[in-house]
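Q: 3D model of this:
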Amino acid sequence: MAIAIKISLNEGIYLRDPQDSSLGRNIIKHSILLIEDVGFETFNFKKLAQEMNSTEASIYRYFENKHLLLIYLVSWYWEWVSYLIRINTLNIEDPKKKLEIVINSFVSASLDNPSTEFVDESKLHNLIIAEGTKAYHTKEVDDENGKGFFKTYKQLINMVAGVIVEINPTFKYPYALASNLFEMSNNHIYFAKHLPRLTDIQVSENKYSEVEKMLNYFSAKLLGYER
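A: Residues are numbered from 1 along each chain as shown. All right, here's what the predicted structure looks like:
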């Protein structure tokens with residue numbers, strides 16, 4: 001079932017919320033497609049404007065630079081994953097089942113939601129895998145963190161850590177495990193596609209069932225329960 005949503009993000013990331021206008025939504029749509037195609041280093045607003053048949057000036061009305069645009073896209077994805085987890089764990093009491101749903105959400109958030117026409121979730125997922133860490137592996141990370149730019153990521157990890165504590169209240173590293181599960185879900189898909197000797201899993205045609213199996217295996221072993 002298509003889910004029509006508007007995701008709220010930190011207002012400091014953008015000058016105008018692109019979700020509120022057709023031009024802004026077009027910026028998001030084409031930036032995802034272009035970054036996924038050419039890579040973040042090669043991407044710039046001039047190329048984006050050409051892709052949109054628009055002007056660089058129109059893009060600068062929404063974002064000061066391409067780095068903040070990347071943070072916006074990554075933040076949108078983090079919030080989308082959080083939304084899927086909240087919806088899919090409603091009325092689920094068993095925390096082990098909740099964690100399985102969390103892990104499934106990590107690897108299946110790429111499934112397209114047709115009602116969000118300006119976001120191709122599959123392309124965005126590919127972008128996150130290849131480019132996502134560039135949003136916060138920067139010299140400016142401390143300043144941007146102080147401005148709350150990564151709040152959506154921290155909220156996502158906090159939610160997952162809460163499920164981990166439900167399973168094993170004595171586990172010492174719930175936040176480390178939560179963030180590692182998310183990062184592993186992306187890293188090992190990337191490794192399987194590009195650096196296969198760095199992983200034991202295989203992926204094909206955006207099917208990530210083996211990644212999901214691996215994450216569930218690690219979780220069960222670390223938290224001390226049988227699946």
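Q: Please give the element, helix or strand, for the nearest residue to Ala130 once chain neighbours are set aside.
A: Sequence neighbours aside, Tyr190 is the residue nearest to Ala130 in space, at 6.5 Å (criterion: Cβ to Cβ, 6 or more residues apart in numbering). All C-beta spots, glycine's among them, are computed from the backbone N, C-alpha and C. Here Tyr190 sits within helix 174-194, counting by DSSP states H and E.
Q: can you pull out the helices in the chain?
A: 22-38, 45-52, 56-60, 66-88, 95-108, 121-131, 141-146, 151-167, 174-194, 209-223 (DSSP state H).
Q: Tyr77 touches Leu124, doesn't it?
A: Yes: counting by Cβ atoms under 8 Å, Leu124 is a contact partner of Tyr77 at 5.6 Å.
Q: Spit out the contact partners of Lys151.
A: By Cβ atoms under 8 Å, 6 or more residues apart in numbering, the contact set of Lys151 is Asn10.
Q: What of the one 4 residues further on?
A: Residues counted as contacts of Gln155 (Cβ under 8 Å, 6+ apart) are 78, 82.
Q: And for the lowest-mean-pLDDT helix or strand in the chain, what's in contact with it?
A: Every helix and strand in the chain was compared by mean pLDDT, DSSP states H and E; the lowest is helix 121-131, with a mean of 92. Helix 121-131 has contacts (Cβ under 8 Å, 6+ apart) with 32-33, 35-36, 39-40, 70, 73-74, 76-77, 80, 109-113, 186, 189-190, 206.
Q: For PyMOL, write the select line for the buried members of these.
A: Buried residues among the contacts of helix 121-131 (16 or more other Cβ atoms under 10 Å), as a PyMOL selection:
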select buried, resi 32+33+35+36+40+70+73+74+76+77+80+109+110+113+186+189+190
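Q: on that earlier part again, list the buried ones in the helix holding Tyr190?
A: Neighbour counts using 16+ other Cβ under 10 Å place 174, 177-182, 184-193 of helix 174-194 among the buried residues.
Q: Now find how far off-centre it is within its chain.
A: On the basis of Cα atoms, centre = their mean, to the nearest Å, helix 174-194 sits 11 Å off its chain's mean C-alpha point.
Q: try stretch 182-196
A: 14 Å.
Q: how about the helices of the chain, which one is nearest Ile13?
A: helix 66-88 (5.0 Å; Cβ to Cβ).
Q: So for that closest one, mean pLDDT?
A: In this model, helix 66-88 carries a mean pLDDT of 95.
Q: and what of stretch 15-30?
A: 96.
Q: Can you tell me what sits against it?
A: Contacts of stretch 15-30 (Cβ under 8 Å, 6+ apart): 6-7, 9, 11, 48, 51-52, 54, 58-64, 69, 72-73, 76, 117-120.
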